[in-house]
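**Q** Fold the following, please.
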Amino acid sequence: MKEIWLIRHGETEWNVNKRFQGHLDVPLSPVGIGQAFRLAQRLARSQLPFHRLYASDLRRARETAEPLAAMLGLPLETSPLLREIDVGLLAGLSRVEAEARYPEFIQEAQKDPWHTPRPGGESMADLARRLEAFLEVLPPGRHLLVTHGGVIRAALKMALDLEGDAWRRFHIPNTSITRILLPAQEVLTVSDSAHLETWADWLSDESVK
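**A** Next up, the predicted model:
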């Protein structure tokens, strides 16, 4: 059995500004660096045995994985198969800019968001195929994969055999954890970001008696 812990990278300035990143090598923001350390502290405290640590070879994923490697005592292995979707000519653009420059792509993507390639880039189906290739050769064990939001949504679509564009409705926060069992295709948790929450985040006056 393979227990896959899919972790989205920490925040980048481009996340905040809502720009397409794709394969561009954008670093973590100061907030993202803090998120990565809180994630590493949480997993180190869990004392769960993790067998391997992998990351996308893009900088924002590597920088998220480095504190994990240090605190868990695991070597860090990187792979381009875990990269975010290649957004091609959309890289660096905002949604508004993309709509203005590539209206035909936007229209096609609305009809078929899974199979429509980005201009000069990949489709989600392309991304899913390279993710499948990576997962197939993983040995049994509990593995950490530090990757990207598109990759995690693709993994959930495949695991749950989702129809239509339901996969797009998953919110995948930075450094959140999604756990999937293979080959059972069982989803254990989705978007768990408890390490970023504090007691005051959920406490309300109504809950105090």
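**Q** and the longest helix along the chain, how far out from the chain's middle?
**A** As far as residue count goes, and with DSSP state H defining each element, the longest helix of the chain is helix 30-46. Remark: helix 30-46 is offset 15 Å from the chain centroid, using C-alpha atoms, centre = their mean, to the nearest Å.
**Q** in the chain, what secondary structure element scores lowest on mean pLDDT?
**A** Sorted by mean pLDDT, DSSP states H and E, the helices and strands of the chain end with helix 199-202, the least confident at a mean of 49.
**Q** For the residue lying closest to Gly149 once chain neighbours are set aside, grab phi and psi.
**A** Counting by C-beta to C-beta, 6 or more residues apart in numbering, the nearest residue to Gly149 once its immediate chain neighbours are dropped is Ile172, at 4.4 Å. Using the backbone N, CA and C atoms, a C-beta is placed for each residue, glycine as well. With angles defined as degrees, to the nearest 10, Ile172 shows backbone torsions of phi -120, psi 90.
**Q** Determine the number of other residues adjacent to Ile172.
**A** Look at Ile172: counted by other C-beta atoms under 10 Å, it has 21 neighbours.
**Q** Next: Met124.
**A** 24.
**Q** just Arg153 next, same as before
**A** The burial metric for Arg153, expressed as a neighbour count using other C-beta under 10 Å, is 25.
**Q** Make sure it is indeed in a helix.
**A** Yes - looking at Arg153 with DSSP: H, G, I helix; E, B strand; the rest coil, it is inside a helix.
**Q** Now for it: which residues touch it?
**A** When contacts are counted by C-beta atoms under 8 Å, 6 or more residues apart in numbering, Arg153 is found next to Met124, Trp167, Arg168, Phe170, Ile172.
**Q** ok, it to His23 distance?
**A** 17 Å (C-beta to C-beta, to the nearest Å).
**Q** before we move on, which element is the nearest residue in space to Ala154 that is not next to it in sequence in?
**A** Among residues not flanking Ala154 along the chain, Ala128 sits closest, at 4.4 Å (C-beta to C-beta, 6+ apart). Taking DSSP states H and E as the criterion, the element that holds Ala128 is helix 124-136.
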